[in-house]
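# Here's a sequence, model it:
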Amino acid sequence: MFGRRLGNRSDRMGSRRRQRTQQGGLTGSASALAVPNGGGLLSCRVLDPVSEPVRGAEFAVTDAMGRKVVAGEADPYGSFVASVPAGEYRLAVSADGYTPFRSTATVAPSGHAALGDVTLQISQPPALPDPGDWEIEPTHSSIGFTARHIGLARIHGRFNTFAGAIRIADRMEQSAMHVVIDAASIDTNVKMRDDHLRSADFLDVERYPTLEFYSERFIHRGGTRWAVTGALSLHGVTRTVTLDTEYLGIGNGMEGETRAACRASTELHRDDFTVSWQTMLARGIAVVGPSITIDLDVQIVQKS
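Here you go, the predicted model:
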């Protein structure tokens, strides 16, 4: 009799603990986190279809007005927890190769909105381009760059003239590409700066009129992610460079032609290509940063 009463009392206590967790009480590891007054916690764990953690899953939390409140990456165990002001929120969870997950949550003051385990479903990757010869369509493509200026601002620029050919193999991994960029077409929207960039201090376009990239190494990293590794020739120096590439799929243009698209980026260090001109401000700050970020948005069409 005494045992039954003790068991019933234990069940009621467990039930009350579960209710506090669901309705706002902070328990477990979340209780150790400092939560500002008027705030609470939002958490979940991201799993794949076989209940393994999805490492590097990205999450974004927005408020009722659609404004981003917090964003980040899940930990190696697929978990994340964020402290947010009390209110109504939308949660978006995404990972390469998976269908995005979306949910809503209400966070009470000093509460914990625990969404538990979120299972992402494997998404169908977009169809690859047909084998054959393709070329970059420059009207709907861009090659841009970003550089640091005086350690604070970013200078954005682009190359206005370029061409590229891609040979798509039966196995995408065996494809090849060749891109040629007119160095003199550099454009940061400031003539004096562009003239300096064309000079011997930087690109030295009189001696090196083009930048060229050639690759025969396409590596599938899963989902829509690819690594395109090749040789970049710039300022008379050739180095191995890898483009982190997101393949966007196939569509039809205004004339009904088939197009494929991708985004890619990489970071170059100026000294690697002997583009080493520099001057210092009085405070010892370099005018130009040591690295350049390259961003490409590319559409390709089949050669007629």
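# who touches the spatially closest residue to Thr104 that is not a sequence neighbour in this structure?
The shortest distance from Thr104 to any residue other than its chain neighbours is 5.5 Å, reached at Arg90 (CB to CB, 6 or more residues apart in numbering). The C-beta positions use only the backbone N, C-alpha and C, and glycine is treated the same way. Each residue near Arg90 by CB atoms under 8 Å, 6 or more residues apart in numbering is listed here: 61-64, 66, 102-104.
# pLDDT wise, what is Arg90 at?
Listed pLDDT for Arg90 reads 95.
# Ser304 too?
If you check Ser304, the pLDDT there is 78.
# Tell me how far it lies from Asp133.
Relative to Asp133, Ser304 is positioned 10 Å away (CB to CB, to the nearest Å).
# And those two? Which one has more around it.
Neighbour count, other CB atoms under 10 Å: between Ser304 and Asp133, Asp133 has more, with 12 against 6.
# That one contacts Ala165, doesn't it?
Yes. Using CB atoms under 8 Å, Asp133 and Ala165 qualify as a contacting pair, with a distance of 6.8 Å.
# so what's in contact with these two at the same time?
Shared contacts of Asp133 and Ala165, counting by CB under 8 Å, 6+ apart, come down to Lys303.
# now the strands for the stretch 201-304 of the chain?
Under the criterion DSSP state E, counting those that start in this stretch, strands of the stretch 201-304 of the chain are mapped to 210-222, 225-234, 237-252, 258-269, 288-302.
# quick one: the helices in the protein?
For the chain, the helices identified by DSSP state H occupy 2-23, 191-198, in order along the chain.
# between these, which gets the lowest average pLDDT?
helix 2-23 (a mean of 41).
# Now do the same for the closest residue to Gly236 other than its chain neighbours: its pLDDT.
Counting by CB to CB, 6+ apart, Tyr208 is the residue found nearest to Gly236 once chain neighbours are left out, at 5.4 Å. Here the pLDDT value assigned to Tyr208 is 96.
# what about Tyr208, how many neighbours?
Tyr208 has 16 nearby residues by other CB under 10 Å.
# my guess is it contacts Asp182, does it?
No. Tyr208 sits out of contact with Asp182 when judged by CB under 8 Å, with a separation of 11.2 Å.
# in the sheet, who's paired with the nearest residue to Glu212 once chain neighbours are set aside?
Spatial nearest neighbour of Glu212, excluding adjacent residues (CB to CB, 6+ apart): Ser233 at 4.7 Å. As for beta bridges, Ser233 partners with Glu212, Thr238 under DSSP bridges.
# what sits against Ser233?
Listed by CB under 8 Å, 6+ apart, the contact set of Ser233 reads 210-213.
# Looking at the residues you listed, state which has the most neighbours.
Most surrounded of the contacts of Ser233: other CB under 10 Å gives Phe213, at 23 neighbours.
# Quick one: residues contacting that residue.
Neighbouring residues of Phe213 by CB under 8 Å, 6+ apart: 177-179, 230-233, 241.
# Quick one: buried ones out of the residues you listed?
Among the contacts of Phe213, those buried by neighbour count (16 or more other CB atoms under 10 Å) are 177, 179, 230, 232-233, 241.
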